[in-house]
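Chemist: Take a look and give me a structure for this.
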Amino acid sequence: MKTGIITKGVGGTYTVRSEDGELLSCMIRGKIRNVNKIPCIGDIVDYDVSGDPDIPYVIVRIHKRRNYLVRPPLANVDYLLLTFAVKDPEPDLKLLDKMLIILAILNITPYIIFTKADLDRDEATRLFNIYSKAGYKCFVSSLDDPLLESDLFEGIENSLIAFAGPSGVGKSTMCNLFLDNETLEVGEVSDRLKRGKHTTRHVELFRLDKSNNDITDTPGFTSLSLLELGIGYDEIILGYPEMIEASNECKFDDCRHINEKCCNVLSLIDDTIDKGRYERYKEFYLEAYENRNNYSLKIIKWRDK
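Modeler: Residues are numbered from 1 along each chain as shown. Prediction:
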């Protein structure tokens with residue numbers, strides 16, 4: 001048996017890149033199907049010869065995952081590039097904050113990229129300042145000043161890096177720029193719906209030769225439910241590092257930062273804590289708290305690595 005990484009999966013057939021860099025066509029051994037663990041892009045796997053000339057190799061073991069994302073469907077992610085346009089389509093900051101909560105739980109490093117800055121420079125600066133001040137590494141990209149591979153990945157090697165965010169924000173365009181080709185189809189924004197059209201239909205890893213990083217675009221999406229993922233009310237604050245820092249000065253250790261007296265977080269709103277970010281925290285927290293008894297084991301499977 002040898003070890004490799006799954007780079008693509010279509011119709012039950014998986015492409016595995018060997019440690020030597022060779023791309024191999026693999027099927028799944030039935031025993032893996034029986035344990036309800038479906039191979040995922042980014043999985044480290046053991047494979048062996050299948051004896052089938054059409055699909056010459058078979059996956060016999062999936063290694064334990066460091067993390068697993070449901071949307072986008074990826075395993076063993078090191079960095080997620082959360083990509084949102086400042087305009088056309090309008091940025092969904094609820095979706096952005098939800099993703100930041102999930103990444104904090106999974107110990108995945110988020111980078112935030114605001115694209116199409118040439119359409120609204122002031123909004124690009126405003127969003128950059130909000131999330132930089134919150135403690136995140138942020139970037140701004142525009143048609144006349146696009147982000148380069150060296151801008152994002154300086155000092156990063158041998159990592160799995162993925163773009164995620166709504167359709168039509170420029171994820172595929174940047175990915176193509178880094179790959180120096182036109183591998184991925186580029187989409188547009190619907191004039192009627194004012195949101196991006198899906199162009200990336202599956203996840204596939206591509207190797208960046210200079211850094212040995214694996215990079216992928218992912219299908220765009222516009223909705224994400226924290227409740228369906230089984231995220232508890234006490235985990236919501238993990239996506240708000242600026243509030244975690246401020247909470248050290250709260251009078252009560254179990255302060256919820258909703259309406260408690262002597263809450264340092266509440267005293268810093270509009271000063272060091274953005275009001276919009278706080279209001280989204282409050283909405284997510286109260287929704288999760290009200291539904292705290294409705295979680296089931298089925299919806300928290302994504303935590304099972």
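Chemist: isn't residue 79 right next to residue 112, touching?
Modeler: No. Using Cβ atoms under 8 Å, residue 79 is not in contact with residue 112; the gap is 11.3 Å. Backbone N, C-alpha and C define where each C-beta goes, glycine included.
Chemist: ok, these two, which is more surrounded?
Modeler: Just comparing residue 79 and residue 112: by other Cβ atoms under 10 Å the higher neighbour count belongs to residue 112, 24 against 19.
Chemist: How confident was the prediction at the more buried one?
Modeler: On pLDDT, residue 112 comes in at 98.
Chemist: where does the protein have low pLDDT?
Modeler: Residue ranges of the chain with pLDDT under 70: 33-36, 181-201, 295-305.
Chemist: Look through it and tell me its longest strand.
Modeler: Within the chain, and with DSSP state E defining each element, the longest strand by residue count is strand 2-10.
Chemist: Give me the buried positions along it.
Modeler: Of the residues in strand 2-10, 4, 5, 6, 7, 8, 9 count as buried by neighbour count, 16 or more other Cβ atoms under 10 Å.
Chemist: does the first one really touch residue 19, like I thought?
Modeler: Yes. Because the distance of 6.4 Å satisfies Cβ under 8 Å, residue 4 is recorded as touching residue 19.
Chemist: Now do the strands in the stretch 201-305 of the chain.
Modeler: 206-208, 213-216 (DSSP state E, counting those that start in this stretch).
Chemist: which neighbours does the shortest one have in its sheet, and in what orientation?
Modeler: Sheet partners assigned to strand 206-208 using DSSP bridges are listed as strand 213-216 (antiparallel).
Chemist: Check what contacts the strand it pairs with and list those residues.
Modeler: Here strand 213-216 makes contact (Cβ atoms under 8 Å, 6 or more residues apart in numbering) with 5, 7, 41-42, 74, 153, 156-163, 175, 178-179, 203-208.
Chemist: List the ones among those residues that fall in helices.
Modeler: 153, 175, 178, 179 (DSSP state H).
Chemist: wait, what's in contact with the first one?
Modeler: By that I understand residue 153. 161, 208, 211, 213.
Chemist: Can you say which two of those residues are spatially most distant?
Modeler: Taking every pair in those and measuring Cβ to Cβ, the maximum separation is 9.3 Å, between 161 and 211.
Chemist: That'll do, ta.
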